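**Q** With the input below, show me the fold.
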Amino acid sequence: MKDEIITCPGFKFSGCASGLKKNREMDLGIIFSEKEANTAGVFTRNRIQAACVILDRERIKAGRGRAIIVNSGNANCCTGPRGMSDAKAMTRFAASGLEIPEELVFNASTGVIGEPLPIEKIEKAVPGLIQSLSGRGLPDFAEAIMTTDTFPKISTGKGEIDGKTFTVTGAAKGSGMIRPDMATMLCFVCTDIEIKHSALKASLSKAVDGSFNRITVDGDTSTNDMAIIMANGISGVRAENRESEKVFQKVLERVLEDLARTIVKDGEGATKLVEVNVLGAASDRDARRIADTVAGSNLVKTALFGEDANWGRIIAAAGRSGVEIDSEKIDIFFNDVWMVKNGVGCGHDAEAEKILKMPEFEIRIDLNKGDGKSSVLTCDFSVDYVKINADYRT
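**A** Here you go, the predicted model:
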């Protein structure tokens, strides 16, 4: 990843090791916009929220920003008044070094909940972090925000409006504690397009709903997750009407969908990336409920890990989703292998098991009831997932 230069005009990035992680891996990163940018965000729906989420929710109301400082290795959550003081201190250190107003700096943290943040280590590291800011520094930033991730997650896309090119670039972290409802991850997006704050906010919400809100690893939602986007307009490209906003929307969606896919692919201990597609439902909402239930079923996920074509677990999960379905109309496919027809097994287990050995495949459930459809990305549930999370703090 470090050999690939991915960036966004008008933005600089850096990452460093401040000592928050025991193994001296990079754990502190910063994004800096060369000019003030329209800024929007989407945050966790968990009722327990880290200091960074509470602080950013308040600051983002103004819709403007220039920098985001992020630490990994410590969530700074459930740490009392000190937690908010430390979150503000992080933004103050960054603002001072960058010579910008503190209210234009956002903060994010990820890691272990309940432990005080060693703020003195961050204060000591910030000057060097700022000094190393570079347009080529995104890989270091992406690495610095990782926790149990096995690789940095970066995506970029370009679009064209009136013959001019704009860029959308994002970095994310996420591997465990992932489920629909804003998933459990951090995502930071930069774009050099000029777009109104209201349109930027709407675009981000829609893109998140079609990406991070359609993935699951283990059914858990964290206290710190957020997605923040900054648009600084440096390209001179303007999204100023519905058609140009649609062009921007498509590029943003592609970038976020790519990041969401890599998060599930990097699910803790995961060996399979599986798309659960539900169609033929009475409504899109019904299809989504079934897709969520099947994708989040531990029995389904363990069968996927064991490469067991146990379609009974899939149809049982669909049946407990709360959606009215007719069991005698249900068809189930693993890729194009027909496993269930009209609610009865087709006996194609040997063919299906070949599909289950693939690193990526589809489970398709057709209710044959209407036009509703939806999909969710999931992964298998392996022995390594238990090992990783059994000793996460130690």
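
**Q** List of residues touching stretch 78-94?
**A** Contact with stretch 78-94 is made by 30, 48, 50-52, 54-55, 67, 69, 71, 76-77, 102, 105-107, 109, 113-117, 119, 122-123, 126, 130, 223, as judged by Cβ atoms under 8 Å, 6 or more residues apart in numbering. Heads up, the C-betas are built off the backbone N, CA and C, glycines and all.

**Q** hmm, try it at 6 Å
**A** With contacts defined as Cβ atoms under 6 Å, 6 or more residues apart in numbering, stretch 78-94 is touched by 51-52, 55, 67, 69, 76, 102, 105, 107, 113-114, 116-117, 119, 122-123, 126.

**Q** same thing with stretch 137-157?
**A** If you take Cβ under 6 Å, 6+ apart as the criterion, stretch 137-157 is touched by 1-2, 6-7, 13-15, 26-29, 70, 72, 110-111, 168-173, 175-176, 186, 251, 254-255, 258-259, 262, 266, 268, 388.

**Q** Quick check: buried residues in it?
**A** Across stretch 137-157, burial judged by 16 or more other Cβ atoms under 10 Å covers 137-149, 152-157.

**Q** and the contacts of stretch 137-157, which are buried?
**A** Listed as buried from the contacts of stretch 137-157 are 6-7, 13-15, 26-29, 70, 72, 110-111, 168-173, 175-176, 186, 251, 254-255, 258-259, 262, 266, 268; burial here means 16+ other Cβ under 10 Å.

**Q** From the residues you listed, which land in strands?
**A** 13-15, 28-29, 70, 72, 110, 168-173, 186 (DSSP state E).

**Q** Where does pLDDT dip in the stretch 1-150 of the chain?
**A** Within the stretch 1-150 of the chain, the stretches with pLDDT under 70 are 1-4.

**Q** Kindly recompute the last result at 50.
**A** 1-2 (pLDDT under 50).

**Q** tell me the strands in it, going along the chain?
**A** For the stretch 1-150 of the chain, strands defined by DSSP state E, counting those that start in this stretch occupy the ranges 11-16, 28-43, 64-72, 105-110.

**Q** would JSON lines of those with distance to residue 297 be doable?
**A** Shown next, in JSON lines, are those (distance: least, Cβ to Cβ, whole Å):
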{"stretch": "strand 11-16", "distance to residue 297": "37"}
{"stretch": "strand 28-43", "distance to residue 297": "26"}
{"stretch": "strand 64-72", "distance to residue 297": "30"}
{"stretch": "strand 105-110", "distance to residue 297": "27"}
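
**Q** would you say residue 355 is within a strand?
**A** No: going by DSSP: H, G, I helix; E, B strand; the rest coil, the assignment for residue 355 is helix, not a strand.

**Q** Can you give me every residue that contacts it?
**A** Applying Cβ under 6 Å, 6+ apart to residue 355 gives the contacts 334-335, 337, 361.

**Q** Same check on residue 372?
**A** Contacts of residue 372 were listed using Cβ under 6 Å, 6+ apart, and they are 281-284, 286-287.

**Q** filter those to the buried ones?
**A** Judged by 16+ other Cβ under 10 Å, buried ones among the contacts of residue 372: 281, 286-287.

**Q** could I get those as a markdown table with secondary structure and distance to residue 305?
**A** Converted to a markdown table, the buried ones among the contacts of residue 372 look like this (DSSP: H, G, I helix; E, B strand; the rest coil; distance: Cβ to Cβ, whole Å):
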| residue | secondary structure | distance to residue 305 |
| --- | --- | --- |
| 281 | strand | 27 |
| 286 | helix | 28 |
| 287 | helix | 25 |
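
**Q** Could you let me know which of the residues you listed ends up closest to residue 200?
**A** Residue 200 lies nearest to residue 287 out of the buried ones among the contacts of residue 372, by Cβ to Cβ, at 29.1 Å.

**Q** Can I get stretch 286-293 in PDB, CA atoms only?
**A** The C-alpha coordinates for stretch 286-293 follow below in PDB (Å, rounded to 0.1, in the frame of the first residue of the first chain):
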ATOM      1  CA  ASP A 286     -38.600  -6.300   4.600                       C
ATOM      2  CA  ALA A 287     -35.700  -7.400   2.400                       C
ATOM      3  CA  ARG A 288     -33.300  -5.400   4.500                       C
ATOM      4  CA  ARG A 289     -34.600  -7.000   7.800                       C
ATOM      5  CA  ILE A 290     -34.100 -10.500   6.400                       C
ATOM      6  CA  ALA A 291     -30.600  -9.700   5.000                       C
ATOM      7  CA  ASP A 292     -29.600  -8.200   8.300                       C
ATOM      8  CA  THR A 293     -30.800 -11.300  10.200                       C
END
